[in-house]
Structure formats: structure tokens, C-alpha cells
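> no sequence for this one, just the structure:
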Ligand code: ARG
């Protein structure tokens, strides 16, 4: 039940000629104060169209909107139409809807099962999994849940960075200084060491760079020895990455990385040639974009391909295979130029589906105000970060709830939930300060706070022994309304998160709902035996369902006790 839509519909009956219903929905506001009602429609923009004062318009609209089961009172005040909902009637409807639909509450059928590919995580093999990759993993995974909830079919793609000149360099470095045993024991650390060493040496000796390029050329040409080493580096790296994915509970539909497109690039280059889009530039091949954007480099002087070439081939492959209606790239904002170029080239190639391509950029993770960097061997090992969060969570469980079962599993859920929530509660383009202590607080705007609220609700339900057969949706507590207004906003929040590719809308919503619930919990004796008990428990049940579902959509598990 969407009360905004009902209100907009009533307004639309009066304003048909001038404003579309969708626009009306967007214009409806939430009044600042409770005594001004539950929804407000401002008439200021209409004043110009009708050449009447906002108040005159508000009066006219108000006289036409009927007081109904849902609308208790409609008033015109200072150029607004204010609507007061019938709290009991609306509460009962909302709670009934949640209890009937369970975790499907808030599902939106806008996708018609259309495919949305989501390119996310995408770390580079033989290098540590960076904070940026963690951000991409967490945001992309949540977007996959959000689009699925909106009726699309997400295809989760881990576009591994497993191709490029750097692997030529790595092969050279390994052959010069590598030790098989050491790499096996500690793959990412050892390979990174070799890579860093290569760069140090190359500063004195430029020949090394030539050798690196040459080795990559051999790799692209299918040289067996080079390929075998590359494969090995790739497998070892994937093993390391999968530990992180397992902790986070993230999985993919495809691990086709850049290398997969090695044999699919020639045809793209040919196509560009046929369409007369390729130009020579000092021996290299480029596509011109426009005055504001530098040309897109497609092929180097030595004939090797580039990041952009592989992304072109990947985009075309994905359209051919998945027929996506939308294709998201969850990648840091420092790659904005790359995606701008990529999308323009695909447009110039005449692909109409270029319209569905979207770069979903995000900001940086900072430590003490500075970028957390992996360069110069100064590595932040992500697996260690997650493990630290889990250990801290375990400590606090031991302090707060020493008799809890399955402590390790719950500690993993809380530790990773804290890291994920800390990321997702901020609008993705903002930079975030990394602080384990902040993330793990049980009070304040944290994942554990929402998880704890969910566990509290679950525990009340258990104590109250609420059964499906004795739910009672008619609630008359004054205090319940603060929860109900939050509960009924959920479907709208899901849609907004989808429209803006923005999981933070859901994270912030969960904080509001948790606060409203904890306030209620502080004021109302839910478990007291009286005629309100079943209705109160049913309200708690609705909260539990929505918190659980909201956390799920963020990619966070919700333990029943913690
Ligand atoms: N591997 C790249 C990096 O770490 C990210 C890849 C993003 N996806 C893409 N289709 N380019 O910078």
C-alpha cells in the first residue's frame, strides 16, 4: 500500500492537464512537524501555471480531496495541502501487508526479468586486494540484491585484472629472482615483492622494461612457458581472493577477466577499422572522442592491446551473451575518464545499447585522512582487516553474551557486517575514514547496532511466542506510529536506491527504523499480558522482517542472537 501514490492519484484527478502523476509523487513532501500532517503537497510551482496564489490553489485542491478510510483530514495551510492519515487504518494495512509478504515486502516489479550485468570487485591478480576493491565488492554485491528486488536479473561479473604488460614484467622478474616454494607459501606477498623489485631494477636498467614488454607480447601470442606461469599466478591469486569472498559471503556468476578477451579483441579492432574510427597517432591506433576528452588508445606501437581494448571486447561480449538492458561498472571515480571514453567509442560504433552502460563510481577509503595505498610494498592486507574486525566482534561477544552459541559464526557475521555497513551507510562518492573501533560500536550508526536491534526483536518474539496463527494487525498504541511511518516507507526507499544505484539509502533507512523501534521498546512494555500484547508482538514481527530484509539487501547477515 503506497499512500503517496493514493494522494498523488487524488491530486492528479484535479491537475491532469498540467502535471504528470509521477511528477506529483516526487513533489509530495514529509512535513517538518507532526502537527502539520503526514504528507504535504506544495502549490508554489503551480501558482505560475494557474496564475493564482498558492493558497488559493491549495484551498481548491483541498475541497476536492475526499476524506476516506486512509485520509482522516485534509487541510490547506500556507500554500500546502496537508494530509493526515488515519493512523489505525493505515497501520493495520501496512502491518498486514508485511506479515503477508514477509521478505518479499518492498519487492518492485519494474525489471520484467531484464538482465543487468554488474561488473564489480575485479581485483588484479598477483597484487593485493585493495581497499578500493573491497568498496567495489561491497557496493556491487548490494546493487545485485537491489536490482533483483526490483525484478531484474543480476549477472555478477568479477572482471579480474589478469592481463596486461605488468604480467610480462612479472614473468621476467620471476625468471630472474623467483623462488617457486616461496610463491606457493605466500603467493600475493611474494609476487608483489617481485613486481616491486622489478620496478626498482628497471629504474637503473631500461632494458628490463623492454624485456617485460617482450614477455607480454609472447604471452599474447600464446607462448607456452609464459602462459603456464601466468596461469599459475592467476590460480594462486584467486585462491587468496576467494578467502575474502567467503568471509563476506559474496559470489559471482562469471570470473571472466581481461585475459578472456585476448582472442576477442582482433575482431573489435577490425570493426573499428571498418567503421573508419581508427586513427594513427605516432604509430599507435586511437579513436578520437571530442575536444574535451582525450582520444581512446586502442593499440600500442608494438601491436599490444590495452585496458580499453579489452573493455570494448568485454562490453560487446556481454551484450551478445546476456542481452543486458543495463550494464553497471562499479569502479572507483579515478577511472571516470576511462569509462567516458569507452562509452563514447561504443556509441560511435553504432551500438544502441550504449545507453544502458553506467559507471557507478565511488570515493576513497582513507586512514587518518590519507589514501590507503598499496604502492611501495606498503600493503594493507584486506583479509587481515576483516579478520581484525571479526576478532574484535568476538571479544565483545565474550564480554556481553558469554553463553551465546556459535560464537565464531556470529563474530564473523558481526565483524563483516560492521565493515560492510560502515561502507554502505555513506553515499558512495564520499571518501570514508577507516576505523575499526567506529565500525564495531554497538551504539550509534553502525551495522552491529542494526543487527543488535534485529536480534532484540527476534528475542522478544521468542519470549512472546508469537505464532503465524495469532498475529493481530490492529494496533492502537500512539507510540507505534513512529515505527509504522518507517515501515511503510521501505518500498519507496528500495526504488530510490535502485534509481540512484545507491545502497546508502537503505542503510540510512535501517538506522531510522532501528531508532524508532528502540524508542518504542524503551516506552512500551511489549510483553505485558493485556489485550494489546498480540498487536504489539505483531508490530515487532513486522520490524524484524523489514530489518532482516534490509540487511540482506546490503549483503549483511542478521544473527538471531548476539
Ligand atoms: N582491475 C581494475 C582495477 O583494479 C578494475 C576493473 C574494473 N572493470 C572494468 N570493466 N574495467 O583497477
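The structure has been received and is ready for your questions. Predicted model, so just to flag it, every value in this text is computed and none were measured. Numbering: from 1, shown residues only.
> At the contact with the ligand, which residues of this protein appear?
119, 122, 124, 159, 161, 311, 329, 331 (C-beta under 6 Å from any ligand atom). (C-beta placed from N, C-alpha, C; glycine too.)
> quick one: the strands in the stretch 251-400 of the chain?
278-281, 284-287, 296-299, 326-330, 357-360, 365-367, 370-371 (DSSP state E, counting those that start in this stretch).
> now for the fourth one, which elements pack on it?
Contacting strand 326-330 under the criterion 3 or more C-beta pairs under 8 Å, 6 or more residues apart in numbering; DSSP states H and E are the following elements: strand 115-119, helix 131-149, helix 307-322, strand 357-360.
> Next, the angle from the longest one to strand 115-119.
Yep, that's helix 131-149 we're talking about. For helix 131-149 against strand 115-119, the angle by axes from the mean of the first three to the mean of the last three C-alpha atoms, to 10 degrees is 170 degrees.
> Work out the gap between the helix or strand just after helix 131-149 and the centre of the chain.
Later in the chain than helix 131-149, the nearest helix or strand by DSSP states H and E is strand 153-157. Offset of strand 153-157 from its chain centre (C-alpha atoms, centre = their mean, to the nearest Å): 13 Å.
> quick one, strand 153-157 and strand 115-119 angle?
20 degrees.
> For strand 153-157, give me every contacting residue.
The contact list for strand 153-157 (C-beta atoms under 8 Å, 6 or more residues apart in numbering) reads 111, 113-120, 140-141, 143-145, 147-148, 251-254, 256, 318, 322, 324.
> give me that answer again for 10 Å
Strand 153-157 has contacts (C-beta atoms under 10 Å, 6 or more residues apart in numbering) with 111-122, 140-141, 143-148, 250-257, 314, 318, 321-322, 324-329.
> ok, and the helix or strand in this structure with the lowest average confidence?
strand 370-371 (a mean of 78; mean pLDDT, DSSP states H and E).
> Pairing partners for it, with directions?
Using DSSP bridges, strand 370-371 pairs in its sheet with strand 365-367 (antiparallel).
> By neighbour count, which bits of the partner strand are buried? Give me those.
Judged by neighbour count using 16 or more other C-beta atoms under 10 Å, the buried positions of strand 365-367 are residue 365.
> Now find how far off-centre stretch 427-440 is within its chain.
Using C-alpha atoms, centre = their mean, the offset of stretch 427-440 from its chain centre is 15 Å.
> Just the endpoints, please. Distance across that stretch?
19 Å (C-alpha to C-alpha, to the nearest Å).
> Show me the shaky parts of this protein.
Across the chain, the ranges flagged by pLDDT under 70 are 1, 373-380.
> can you do 50?
Across the chain, the ranges flagged by pLDDT under 50 are 375-377.
> and the residue in the chain positioned nearest to the ligand, how many residues sit next to it?
Nearest to the ligand in the chain, going by C-beta to the nearest ligand atom, is residue 161, at a distance of 3.1 Å. Look at residue 161: counted by other C-beta atoms under 10 Å, it has 20 neighbours.
> what's the burial count for the nearest residue to it once chain neighbours are set aside?
Nearest non-adjacent residue to residue 161, counting by C-beta to C-beta, 6 or more residues apart in numbering: residue 124, 3.3 Å away. Counted with other C-beta under 10 Å, the neighbours of residue 124 add up to 20.
> dump the residue contacts of residue 124.
Per C-beta under 10 Å, 6+ apart, neighbours of residue 124: 130, 133, 160-164, 166-167, 237, 257-258, 374.
> and the nearest residue to residue 255 once chain neighbours are set aside, how many residues sit next to it?
In this structure, residue 255 finds its nearest non-sequential neighbour in residue 158, 5.0 Å apart by C-beta to C-beta, 6+ apart. A count of nearby residues for residue 158, using other C-beta under 10 Å, gives 24.
> what's the answer for residue 406, then?
By the measure other C-beta under 10 Å, the count of residues near residue 406 is 11.
> Distance check, it against residue 457.
19 Å (C-beta to C-beta, to the nearest Å).
> before we move on, what about residue 279?
According to C-beta to C-beta, residue 279 and residue 457 sit 63 Å apart.
> more crowded one of these two?
Between residue 279 and residue 457, counted using other C-beta under 10 Å, residue 457 has the larger neighbour count: 28 against 13.
> And the helix or strand encompassing the more buried one, what's buried?
Assigned by DSSP H and E, residue 457 belongs to helix 447-464. For helix 447-464, burial by neighbour count (16+ other C-beta under 10 Å) applies to 447-458, 460-461, 464.
> now for it, which elements pack on it?
Judged by 3 or more C-beta pairs under 10 Å, 6 or more residues apart in numbering; DSSP states H and E, helix 447-464 is in contact with helix 382-400, helix 407-424, helix 436-440, helix 504-523, helix 533-554.
> Go through the last one and flag the buried ones.
To tie it back to what came earlier, the one meant is helix 533-554. Quick answer for helix 533-554 (16+ other C-beta under 10 Å): 533-551, 553-554.
> now the first one
Within helix 382-400, the residues scored as buried using 16+ other C-beta under 10 Å are 382, 385, 386, 389, 390, 392, 393, 394, 396, 397.
> Just give me the neighbour total for the nearest residue to the third one once chain neighbours are set aside.
Of all residues beyond its chain neighbours, the one nearest residue 386 is residue 247 (5.1 Å), with distances taken as C-beta to C-beta, 6+ apart. The number of residues packed near residue 247 is 18, by other C-beta under 10 Å.
> Okay, and residue 247 sits in which element?
Going by DSSP H and E, residue 247 is in helix 224-248.
> on that earlier part again, with mean neighbour count added, can I get the helices and strands packed on strand 326-330 in CSV?
CSV is the format used below for these (neighbours: other C-beta atoms under 10 Å):
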stretch, mean neighbour count
strand 115-119, 25
helix 131-149, 24
helix 307-322, 20
strand 357-360, 20
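> how about the ones you listed, which one is nearest residue 183?
helix 131-149 (21.2 Å; C-beta to C-beta).
> so the closest one versus helix 224-248, what angle?
Going by the same axes, to 10 degrees, helix 131-149 makes 60 degrees with helix 224-248.
> So residue 424 sits against residue 503, correct?
Yes. If you go by C-beta atoms under 10 Å, residue 424 and residue 503 touch, sitting 4.6 Å apart.
> Please enumerate the shared neighbours of these two.
In contact with both residue 424 and residue 503: 138, 139, 141, 142, 553, 554, 555, using C-beta under 10 Å, 6+ apart.
> Who are the contact partners of the fourth one?
Right, residue 142. Residue 142 neighbours (C-beta under 10 Å, 6+ apart): 120, 330, 420, 423-424, 428, 497, 501-504, 506-507, 552-556.
> same check, this time on the second one
Applying C-beta under 10 Å, 6+ apart, one finds that residue 139 lies in contact with 118, 120-121, 328, 330-331, 360-362, 420, 423-424, 428, 501-504, 554-555.
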